[in-house]
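# coordinates only, sequence not included:
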DNA sequence: CGGAAGATCCACT
DNA sequence: GTGGATCTTCCGA
């Protein structure tokens, strides 16, 4: 059973655009308060670093907040947004590059009751309500700034092999909420599991 | 030092 | 579909 083996650092030491689709179907494992919470990733976005105006590392910007982006691939970058929400990224590439993959949506695999409790949602949850959206994902899995900069191979937050998908099962589109980013706003760096009901927003080109 | 905007979510209409 | 909550960060003056 390799399903629960952590993804090695070498997995992340590639361009974010290449890592992102391969993160779909993987499991995010969170050990907190004596509980194990596991979620299967169904939607991610790649952020390319310096050349990407939508990235926090655009133009090589480096501040106290985004410092984790410049760690080597395989670390977590967690930031606070809109005064209320956290977002979780997996850093990609070599140290100093600034690439990352934003984890946008997942479905509960284990510990669903505990996840729902942290989300303030009653079970059974309506599809698309539990972990659909980067802020919801962090709330449900108890991810906050304390996990900024941690390595994702061991410890209380890990990414493991899970169930990798083939290309035919993956859809691709423009990223969400980056309209300010000029040409980069339309780069097709958003990836999701085809047909998943837990994707954070509908795909413009798909009806229903 | 002030202001604006943000990789969002939720309630309400 | 719209707007409010809420606060950190960044940039310009």
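Perfect, thanks for sending it. Not measured: the values here are computed from a predicted model. Numbers count the residues shown, from 1 in each chain, chains lettered A, B, ... in the order given.

# return the residues of chain A in contact with DNA strand B.
Within reach of DNA strand B by C-beta under 7 Å from any atom of the strand, chain A has these residues: A:45, A:47, A:54-57, A:69, A:77, A:81-85, A:87, A:89, A:100, A:102, A:119, A:129, A:133-137, A:175-180, A:200. In this view, the C-beta of every residue, glycine as well, is placed from N, C-alpha and C.

# give me the subset of the residues you listed touching DNA strand C.
Restricting these to those near DNA strand C - C-beta under 7 Å from any atom of the strand - leaves A:82-84.

# quick one: buried ones out of those?
With burial judged by 16 or more other C-beta atoms under 10 Å, the buried subset of those is empty.

# and residue A:68, how far is that from residue A:50?
As for residue A:68, its distance to residue A:50 is 16 Å (criterion: C-beta to C-beta, to the nearest Å).

# OK, contacts around residue A:163?
A:3, A:25-26, A:40 (C-beta atoms under 8 Å, 6 or more residues apart in numbering).

# dump those residues to a markdown table, plus distance to residue A:64.
What follows is the contacts of residue A:163, written out as a markdown table (distance: C-beta to C-beta, whole Å):
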| residue | distance to residue A:64 |
| --- | --- |
| A:3 | 37 |
| A:25 | 34 |
| A:26 | 30 |
| A:40 | 33 |
